[in-house]
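>>> Here's a sequence, model it:
(2 chains)
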Amino acid sequence: MENGINQNLVNDVYAVNDMNKSKSAKFISEIKKNKILLIMLLPAFLYFFIFSYIPMAGTVLAFKNYNFRDGIFGSPFVGFDNFKYFFTSGQAFEVTRNTILYNSGFIIVNTILQMGMAILISEVSRKYFKKITQTAMFLPYFISWVVVGVIAYNLLNVENGTINSLLVKLGFEKINFYATTYAWPIILIFASAWKNVGYGTVLYLAAIMGIDSEIYEAAKIDGANIFQRIFKVTIPCLVPTMIILTLLAIGNIFRGDFQMFYQLVGNNGPLFKVTDVIDTFTFRSLIQSGEVGMSAATGLYQSVFCFITILITNYLVKRYDSDNSLF
Amino acid sequence: MKKSSDVKIFNGISYTLITIISLLCLIPFLLVVMGSITDEKDIIANGFSLFPKHFSVEAYKIALKEPMAILKAYGVTISLTIIGTALGLFTVAMTSYVLQRKDFKWRNKFSFFFYFTTLFSGGLVPWYILMVRYLDLKDSYLSLLLPPMLSAFNIILMKSYLGGIPKALTEAAKIDGAGDFEIFWKIILPLSKPALATVGLFIAIGYWNDWYNCMLFINNDNLYSLQYYLYKIVNNVEAYKTIIAQTGGAVGAAIDMPSESLKMALTVIVTGPILLLYPFIQKYFVSGITIGAVKE
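Below you'll find the model as predicted:
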């Protein structure tokens, strides 16, 4: 009896040993089997390892006093000193507030404009009108922010900007936009809307195309007019898409669009109070003031908050509609 | 069929609104073009306008007096766009192919490895120091070529497209003894032309519009990309005029040259050629955005 139990135990031990052996053997044979596939993955793997994962490890810089000679990992630790200045100077609050408020403004205005345009265009029956207007709306999406900067200069500069010359013609005073802080939330929201209207409209148009045409037929039979059709069918059917897109955008609410802010505002110090976002602040601290430690700290602060908001919004997306969650 | 009154009202509002928004999108471009052919004195006296009174091509004459710098910048940007898009597209397609193979055991682990980079990033500073101090890429062509090449977004987009290709198409080749790379190269790539066109265009636009990497890493003006070159000149047009005046021979003194129309003319020279292409490639963008929208 006892022998039998022992024998079982021994058998079990052998079995476990066997499994271990076969596990590593299996792993090696699995690698051999997938050799070609792994080699095919290698270039992208190395690329992301070097350019994304090494910088992630490099965020320790936020806790260090960087000097070029000792590099990222050799420089001495200074604890939370780099964060201290950023938070105690009030800069942290200001740039975080600006980033969140601007992104919120962009989300609200862009969503309404893009959805509205998509609904209107979807009801248009003239093919050429549809094509030409869509191409026109898409054009701003393709150009660089440098060109948008030139366009803004053409419109806004105080000596000979188009808007100012119009104002003079109409008998108003000129506005020096590049020195008028309150104008910038409007200008930046307008610029974002202008650049993204074509892209978003296409996105919502695709969603409208996906609406079951039977619903429209039914609405027609019930005698719904075009306004009722839009408000009772199209818009409710677009709401899921809108919620998903909005949540995804909220996930990025801590990320400022550096290129946009840099090209439109530039190094115009007096405007920074209302135009500085986390990304432009980090950039200036690094490139212009050379405060490596502090800019690394602001970067890490941003990355961490970004990560948290993405996790939260993804959780919400998942709860709302599990098909559309990111992971 | 007669249109009922609600449709008439709706169409009135709808056509008007769409026209207004489209015009708002177009007019800024027209303003730049008109500005570039307006007489400088007109701009000084009356400002930029959509309907200038006096025309002049002086700005173009000056901008093209010393065409070498512009051509060089065009050369840098065109070569970057071609090389970068080819390498990037090939790598994105190859990576996505492996990641969507259902029989590849570690596909979820690797997918997460790429995907995680969109959730968390080290930020500007460690990346910049890596590029400059450790990889020594300051003033290097590679600092312009590498950063826009691969993005997790493009891999996700491509993966969802490749996942839709029926397995039956590759099974036959597998039975015939074709290797994984062979299947990818001979069967998958030809079948994915629409997705390749879209992702390729996304990458190409990224290269074409890039000025950021140039600003971060390049001091050598032989390596200026087109957009950065434009940025530099528009923000420092006086210095540019001085150079033209010194080297351009009989053009005259810098002070007599136009500034404002010159900025606009350079913008047209830099943007015009590619802008004419956009209406033709737009459909690939549209199909790409739509693939992205119905991801997975």
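>>> how about low-confidence regions in the chain?
No chain specified, so I'll use chain A. Residue ranges of chain A with pLDDT under 70: A:1-21, A:322-327.
>>> oops, chain B please
By pLDDT under 70, the low-scoring segments of chain B are B:1-3, B:248-254, B:289-296.
>>> and it, what are its domains?
Chain B breaks down into these domains under automatic domain parsing: B:5-58, B:60-293.
>>> chain center to the longest one, what's the gap?
Offset of domain B:60-293 from its chain centre (Cα atoms, centre = their mean, to the nearest Å): 6 Å.
>>> Pull up the gap between the residue most central in space within chain B and B:I274, please.
Chain B has B:I205 as the residue nearest its centroid, 2.1 Å off, counting by Cα atoms, centre = their mean. Using Cβ to Cβ, to the nearest Å, one obtains 9 Å as the distance from B:I205 to B:I274. (C-beta placed from N, C-alpha, C; glycine too.)
>>> Next, the buried residues of stretch B:60-75.
Residues of stretch B:60-75 classed as buried under the neighbour-count rule (16 or more other Cβ atoms under 10 Å in any protein chain shown) are B:Y60, B:I62, B:A63, B:E66, B:A69, B:I70, B:K72, B:A73, B:Y74.
>>> Might you report the residue contacts of the nearest residue to A:Q302 once chain neighbours are set aside?
Distances taken as Cβ to Cβ, 6 or more residues apart in numbering or on different chains place A:I278 nearest to A:Q302, at 4.8 Å, with adjacent residues excluded. A:I278 sits next to A:V95, A:T96, A:T99, A:F254, A:R255, A:G256, A:T298, A:Y301, A:Q302 when contact means Cβ atoms under 8 Å, 6 or more residues apart in numbering or on different chains.
>>> what about A:M294, how many residues close to it?
A:M294 is flanked by 25 other residues according to other Cβ atoms under 10 Å in any protein chain shown.
>>> For the host helix or strand of A:F129, which helices and strands make contact with it?
Here A:F129, judged by DSSP states H and E, is contained in helix A:127-142. Judged by 3 or more Cβ pairs under 8 Å, 6 or more residues apart in numbering or on different chains; DSSP states H and E, helix A:127-142 is in contact with helix A:91-123, helix A:184-209, helix B:5-36, helix B:260-293.
>>> what's it in contact with?
Outside of helix A:127-142, the residues that reach it under the criterion Cβ under 8 Å, 6+ apart are A:117, A:121, A:124, A:148, A:194-199, A:201-202, B:15, B:18-19, B:21-23, B:25-26, B:28-29, B:205, B:209, B:274-275, B:278-279, B:282, B:285.
>>> swap in stretch A:288-307?
Stretch A:288-307 is contacted from outside by A:58-59, A:61-66, A:78, A:81-83, A:85-86, A:92, A:95, A:251-252, A:254-255, A:267, A:278-279, A:281-283, A:285-286, B:119-126, B:129, using Cβ under 8 Å, 6+ apart.
>>> next one: stretch A:49-68
With Cβ under 8 Å, 6+ apart as the test, stretch A:49-68 has contacts from A:72-73, A:75-83, A:292-293, A:296-297, A:299-301, A:303, B:117, B:120-123, B:125-127, B:129-130, B:133, B:146-147.
>>> residue contacts, residue 192?
You didn't pick a chain, so chain A it is. Contact analysis of A:S192 by Cβ under 8 Å, 6+ apart lists A:F106, A:V109, A:N110, A:D257, A:M260.
>>> think we crossed wires, I meant chain B
Contacts of B:S192 by Cβ under 8 Å, 6+ apart are B:A93, B:M158, B:Y161, B:L162, B:I165.
>>> what subset of those residues is also close to chain A?
The subset of the contacts of B:S192 within reach of chain A, by Cβ under 8 Å from any Cβ of the partner chain, is empty.
>>> could I get these as TSV with secondary structure?
Putting the contacts of B:S192 into TSV (DSSP: H, G, I helix; E, B strand; the rest coil) gives the following:
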residue	secondary structure
B:A93	helix
B:M158	helix
B:Y161	helix
B:L162	helix
B:I165	coil
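>>> Need those residues in a markdown table (columns: distance to A:L37 and neighbour count).
Listed next are the contacts of B:S192 as a markdown table, based on distance: Cβ to Cβ, whole Å; neighbours: other Cβ atoms under 10 Å in any protein chain shown:
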| residue | distance to A:L37 | neighbour count |
| --- | --- | --- |
| B:A93 | 14 | 25 |
| B:M158 | 16 | 25 |
| B:Y161 | 19 | 23 |
| B:L162 | 14 | 21 |
| B:I165 | 16 | 16 |
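>>> how about these in JSON lines, adding distance to A:F190?
As requested, those are exported to JSON lines (distance: Cβ to Cβ, whole Å):
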{"residue": "B:A93", "distance to A:F190": "38"}
{"residue": "B:M158", "distance to A:F190": "34"}
{"residue": "B:Y161", "distance to A:F190": "35"}
{"residue": "B:L162", "distance to A:F190": "39"}
{"residue": "B:I165", "distance to A:F190": "43"}
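>>> out of those residues, who's nearest A:K220?
Of all the contacts of B:S192, A:K220 sits closest to B:Y161, with 35.5 Å by Cβ to Cβ.
>>> residues in contact with that closest one?
So B:Y161 contacts B:S96, B:S192, B:P194, B:A195, B:I291 (Cβ under 8 Å, 6+ apart).
>>> Sort out for me which of those are in strands.
Applying DSSP state E to the contacts of B:Y161, no entry is found in strands.
>>> the helices in the stretch 151-296 of chain B, which residues?
Residue ranges of the helices in the stretch 151-296 of chain B, as given by DSSP state H, counting those that start in this stretch, are B:152-162, B:168-175, B:180-183, B:189-191, B:193-208, B:212-217, B:226-234, B:237-247, B:260-293.
>>> Out of the ones you listed, which is the most enclosed?
Of all these, helix B:226-234 has the most neighbours on average by mean count of other Cβ atoms under 10 Å in any protein chain shown, namely a mean of 24.
>>> For that helix, which helices and strands make contact with it?
Helix B:226-234 is packed against helix A:145-156, helix B:67-99, helix B:212-217, helix B:260-293, with contacts defined by 3+ Cβ pairs under 8 Å, 6+ apart.
>>> Ignoring the adjacent residues along the chain, who's closest to the residue in the stretch 201-327 of chain A that chain B sits nearest to?
Sorted by distance to chain B under Cβ to the nearest Cβ, the residues of the stretch 201-327 of chain A start with A:G299, at 2.7 Å. Counting by Cβ to Cβ, 6+ apart, B:G123 is the residue found nearest to A:G299 once chain neighbours are left out, at 2.7 Å.
>>> Surely that neighbour and A:F283 touch.
No. Proximity of B:G123 to A:F283 does not meet the contact threshold set by Cβ atoms under 8 Å, at 10.6 Å.
>>> who has more neighbours, those two?
B:G123 (29 against 24).
>>> Quick check on that one: phi, psi?
As for B:G123, its main-chain torsions (degrees, to the nearest 10) stand at phi 90, psi 180.
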